[in-house]
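[1] Please work out how this folds:
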Amino acid sequence: MADSITSGPRSYLEPLKLRGRISKPQPKGLPLVNLGFNELPYGPSPKVAAAVAEASAQVASYGTPLCDGLRAALAQANGLDVDQIICGNGSEELLDVIARNFVRPGDEVLISAYGYIQFEMVAARQGATLVKAAEADFTSDVDALLGAVTPRTRLVFLANPNNPTGTVLPVSELKRLVEGLPSDVVVVLDLAYGEFTGFDHCAEVHALAEGRENVIVTRTFSKAYGLAGLRCGWAHAPAAMMPSLYAARGMGSVNRLAQAAATAALADLAVVKARVGEIVAERRRVAAALADMGIRALPSGTNFLLVRVDGKGAEAAEALVVHFFDDAGIIVSRTREAGLEDWLRFSLGTPDQNDLLLQSARNFMEGPA
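    Residues are numbered from 1 along each chain as shown. Modelled structure (predicted):
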């Protein structure tokens, strides 16, 4: 068997380094609270639930291949030209679509040091060279990014707010980055968590991209809109790019239920904004409470916090990950990025879930009775 494996087809891609997750039974038999995937802790709004139920009666038929109704709703909600919007199976599909258009083996893809792991994966799939620019206090550094540009740079990915750090650059710095790049380098500004920094922030980023031929803004319904299980994302891109972007995108890759739910969510913005407001308030409350205990959280513009035990290293981070599970049934994320070994990440849950996490953190910091 071993010989047949080694003599068979060989992949060009290295296996993904998976983030280790706790898989043992919860020792106290407690229900699990999964705060490890940056999801929203709410069920669908009534409008979304009704739209999914209605669309489910038509699952024998494909959704519209170009997402016409959803794109029209996105254009209206964001003040954009419908012909500059493309939808995908989550924004992750669109990151791949962009790279397949503009990157080939030997080209360079530039990201910040602690950039989103999907950026690294996209570069690997294209056989590109990944270049990481140093950050300043766990925040993307525009001068370092511009200084890392070479004649081989074809694509710059920047998540703002960033995942996994949660840190945010002001739009003025994004503008400096865009204006400092060569015009033939594509820059992708990923706003997956933008709503948690502010809907006005998102609008400013779209305005920055408007009229530029090399800037793409990516968005998702997985986070602020609470539709992670349906996989729907979109991009605002120059009209001239659209034919080639569609050429690389899967045909009908956004399913009927996802289109219906996303369109309904856009018609339910009051609910979306109220939920985002609650998460932001909880983010402030939880970060402050953890700081009082001696657990530091990085400033975050997202629905999650990256934290470490002050003055402690990777062993304390790992102990806290295990403690949350064993003590309270809470699942959080280990970091896998080099340089972040002392940190762990969790998404904000409901107030009750966050209270449970805070009490468990107190138990950890106070130690055995």
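[2] Convert stretch 313-329 to PDB, retaining C-alpha atoms only.
    The C-alpha coordinates for stretch 313-329 follow below in PDB (Å, rounded to 0.1, in the frame of the first residue of the first chain):
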ATOM      1  CA  GLY A 313       3.800  32.800  26.600                       C
ATOM      2  CA  ALA A 314       2.500  30.000  24.500                       C
ATOM      3  CA  GLU A 315       2.100  27.500  27.400                       C
ATOM      4  CA  ALA A 316      -0.300  29.800  29.200                       C
ATOM      5  CA  ALA A 317      -2.300  30.300  25.900                       C
ATOM      6  CA  GLU A 318      -2.600  26.600  25.400                       C
ATOM      7  CA  ALA A 319      -3.600  26.100  29.100                       C
ATOM      8  CA  LEU A 320      -6.300  28.700  28.700                       C
ATOM      9  CA  VAL A 321      -7.700  27.100  25.500                       C
ATOM     10  CA  VAL A 322      -8.000  23.700  27.300                       C
ATOM     11  CA  HIS A 323      -9.300  25.400  30.500                       C
ATOM     12  CA  PHE A 324     -12.200  27.100  28.600                       C
ATOM     13  CA  PHE A 325     -13.200  23.700  27.200                       C
ATOM     14  CA  ASP A 326     -12.800  21.600  30.400                       C
ATOM     15  CA  ASP A 327     -14.300  24.200  32.800                       C
ATOM     16  CA  ALA A 328     -17.100  25.700  30.800                       C
ATOM     17  CA  GLY A 329     -17.500  23.800  27.500                       C
END
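[3] For it, which outside residues touch it?
    Residues outside stretch 313-329 that contact it (Cβ atoms under 8 Å, 6 or more residues apart in numbering) are 22, 26-28, 30-33, 295, 308-309, 330-332, 334-335, 341-344, 346, 356-357, 359-361, 363-364. Backbone N, C-alpha and C define where each C-beta goes, glycine included.
[4] Restricted to buried residues, select those in PyMOL.
    Buried members of the contacts of stretch 313-329, defined by 16 or more other Cβ atoms under 10 Å, are picked up in PyMOL with:
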select buried, resi 22+26+33+295+308+309+330+331+332+334+335+341+342+343+344+346+356+357+360+361+364
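[5] taking the contacts of stretch 313-329 one by one, which sit in helices?
    The helices in this structure, assigned by DSSP state H, contain 356-357, 359-361, 363-364 from the contacts of stretch 313-329.
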